[in-house]
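Enquirer: Quick one, structure for this:
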Amino acid sequence: MKRSGPLYTLFAGLALGLFMLSLNATTGEAGTPYGGAPAASPSATGVRPSKSASPAASPRESATTPPSPSPSKSAGPKTSYAGRTDDDSSAVSVSVRGDKAIAYFCDGRTKESWLKGNVEDDGSMKLSGKHGAKLEGRLANDRIRGTVEVDKKPYGFTARKAVKPSGLYRATTEVRGAEVDGGWIVLPGGRQVGIVRRDDEPSAAPPIDPETGTVTVDGEQLTARPVVP
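Expert: Predicted structure coming up:
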């Protein structure tokens, strides 16, 4: 009877071992190694992460920066050119800024014309004015050589770069109820050629002070300012 004790203990151990094996088989879970191994990554398990789990684009990545505007070619300093027609009957002045130009033709008595247009990259220009007036020329070597046509009569001219106070001036205002529009060309050397229109009636312009632009028209002091395209 004393030998039955160890047998009972052996049978009890076997029964406990069978019980644990059946428990693992029922739950389907593998034992965890000592120390706790980390969970398997999604790539190891073959499970792809949901698209909703991807990080959202940052505001800097999603924001669209508008393109910067290109600088205007017409920006920049103004350069004036002034000279006489080939027959020495009239004066021509051209004010250029970037790719824009304004010109004035004047005989100092009754005939004048304001013209404007573009300057191409090669220096060529085609300007137009009222009543079919036109100017074609080319800027090169600090001078403009071309032809201006006013009242269907062409005039060849050469206008050289003008140093202030030489250049092109204009004053537009009202004097004693009359609309006054005056244009002046100050040539190198100081000679002036200009016309003032009073209610569209032309006459020779009084001289201006090139340093200040002041001029007296019909007893009123006006200011003629440099012409800028």
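Enquirer: what about the helices in the protein?
Expert: Residue ranges of the helices in the chain, as given by DSSP state H, are 4-27, 42-45, 59-62.
Enquirer: how much space between Thr147 and Gly137?
Expert: Noted for Thr147: a distance of 7 Å to Gly137, by CB to CB, to the nearest Å. C-beta coordinates here come from the backbone N, C-alpha and C atoms, glycine included.
Enquirer: So which of the two has more stuff around it?
Expert: More crowded of Thr147 and Gly137, by other CB atoms under 10 Å: Gly137, with 26 against 15.
Enquirer: Can you report how many residues neighbour the residue nearest to the more buried one when sequence neighbours are not counted?
Expert: Spatial nearest neighbour of Gly137, excluding adjacent residues (CB to CB, 6 or more residues apart in numbering): Gly146 at 2.2 Å. The tally of other residues near Gly146 (other CB under 10 Å) stands at 21.
Enquirer: From Ser93, how far out is the residue nearest to Ala91 when sequence neighbours are not counted?
Expert: Nearest residue to Ala91 in three dimensions, chain neighbours excluded: Val193, at 4.0 Å (CB to CB, 6+ apart). From Val193 across to Ser93, the span is 9 Å (CB to CB).
Enquirer: and the two? which has more neighbours close in?
Expert: Just comparing Val193 and Ser93: by other CB under 10 Å the higher neighbour count belongs to Ser93, 28 against 24.
Enquirer: The more buried one reaches Ser80, doesn't it?
Expert: Yes. The criterion here is CB atoms under 8 Å, and Ser93 meets it with Ser80 at 6.5 Å.
Enquirer: got any residues that touch both of these two?
Expert: Ala162, Gly167, Leu168 (CB atoms under 8 Å, 6 or more residues apart in numbering).
Enquirer: Is it possible to get a markdown table of the residues you listed that adds distance to Asp200 and pLDDT?
Expert: Below are the shared contacts of Ser93 and Ser80 laid out as a markdown table (distance: CB to CB, whole Å; pLDDT from 0 to 100):
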| residue | distance to Asp200 | pLDDT |
| --- | --- | --- |
| Ala162 | 28 | 94 |
| Gly167 | 25 | 95 |
| Leu168 | 21 | 97 |
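Enquirer: Most neighbours among these, which one?
Expert: That'd be Leu168 among the shared contacts of Ser93 and Ser80, by other CB under 10 Å, with 29 neighbours.
Enquirer: Can you tell me who the nearest residue to Ser80 once chain neighbours are set aside pairs with across the strands?
Expert: Spatial nearest neighbour of Ser80, excluding adjacent residues (CB to CB, 6+ apart): Gly167 at 3.6 Å. Gly167 has the following beta-bridge partners by DSSP bridges: Val186.
Enquirer: wait, Gly167 sits on Val186?
Expert: Yes. Counting by CB under 8 Å, Gly167 touches Val186, with 5.9 Å between them.
Enquirer: Mind listing the shared neighbours of these two?
Expert: Residues touching both Gly167 and Val186 by CB under 8 Å, 6+ apart: Ala82.
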